[in-house]
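Visitor: Here's my sequence, what's the structure:
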Amino acid sequence: MITALPKKIIATLSPGEKILWQGQPRPYVFILRGLPSIVYGMTWSILGAFWYHGSGGIGKYSAFEGWWRLVPLLSLPFILAGLSFFFYPIRLGARARRTWYVVTNQRVFIVELRRDQPPHFRVFSATEMGPPQVVKRFDGLYDLVLTLRAQEQPHLKPPLDSGFFGLKDGEQAAGAINLSVNP
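Guide: A predicted model of the protein is given here:
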């Protein structure tokens, strides 16, 4: 199990630090969280395209003369922002493939591996963590909400840095976290 972790993560462990549990989220769980942004992105892109088309574009049929012919180009940031929102779920799925959840005998953390950069760590401190809240999802996977801030607001969807999401073995992860926090 330890050999399944990338070398970049193993190299960051301190001497005497033992891995109690490790896992990766399922990418589709992250993708599902980003699906509402597709509608938002489509709205912005359509409004930008409507603006551009309504102004006649920058050709000879433009409704503007002189320097004012650049006004239709002001729609491009809206179109590009819409495309950015549209592709957000795909970027979240790619992020899930680079994310690892790790519980050691000394700490609980999320690490995201990045190309040509050092790994990005999100270490949970004992003061911000409550007892792991295990939530069984409709698809049989588990979510573990770790931060007190997210546990105190159950009506909101917790941010992805508030716990471990999309796990096969949520109960094992919760047990390992309890061992790590309360040795």
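Visitor: Kindly report the domain assignment for the chain.
Guide: Per the record, the chain has its domains at 2-26+99-181, 36-90, by automatic domain parsing.
Visitor: Who are the packing partners of the helix ranked longest in the chain?
Guide: For the chain, the helix reaching the highest residue count under DSSP state H is reported as helix 36-54. Packing partners of helix 36-54 (3 or more Cβ pairs under 8 Å, 6 or more residues apart in numbering; DSSP states H and E): helix 76-86, helix 88-97. Where you see a C-beta, it was placed from the backbone N, CA and C, and this is true even at glycine.
Visitor: Any buried residues in that helix, and which?
Guide: Ser37, Ile38, Gly41, Trp44, Ser45, Gly48, Trp51, Tyr52 (16 or more other Cβ atoms under 10 Å).
Visitor: Mind telling me the two of the residues you listed farthest from one another?
Guide: Pairwise distances across those peak at 22.1 Å for Ser37 and Tyr52 (criterion: Cβ to Cβ).
Visitor: So which residues of this structure form helices?
Guide: Assigned by DSSP H, the chain shows helices spanning 7-10, 27-34, 36-54, 76-86, 88-97, 148-151, 170-181.
Visitor: circling back to that earlier point, how about the domains of the chain in CSV, adding mean pLDDT?
Guide: Listed next are those as CSV, based on pLDDT from 0 to 100:
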stretch, mean pLDDT
domain 2-26+99-181, 88
domain 36-90, 83
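Visitor: count of neighbours near Ala96?
Guide: Neighbour count of Ala96, defined by other Cβ atoms under 10 Å: 21.
Visitor: From Ile46, how far off is it?
Guide: The spacing between Ala96 and Ile46, counted by Cβ to Cβ, to the nearest Å, is 29 Å.
Visitor: Am I right that Pro132 is in contact with Ile177?
Guide: Yes: with contact defined as Cβ atoms under 8 Å, Pro132 reaches Ile177; the gap is 4.9 Å.
Visitor: Show me the common contact partners of these two, please.
Guide: Leu144, Leu146 (Cβ atoms under 8 Å, 6 or more residues apart in numbering).
Visitor: ok and the longest strand seen in the chain relative to helix 170-181, angle-wise?
Guide: If you go by DSSP state E, the chain has its longest strand at strand 129-136. Per axes from the mean of the first three to the mean of the last three Cα atoms, to 10 degrees, the angle that strand 129-136 makes with helix 170-181 is 170 degrees.
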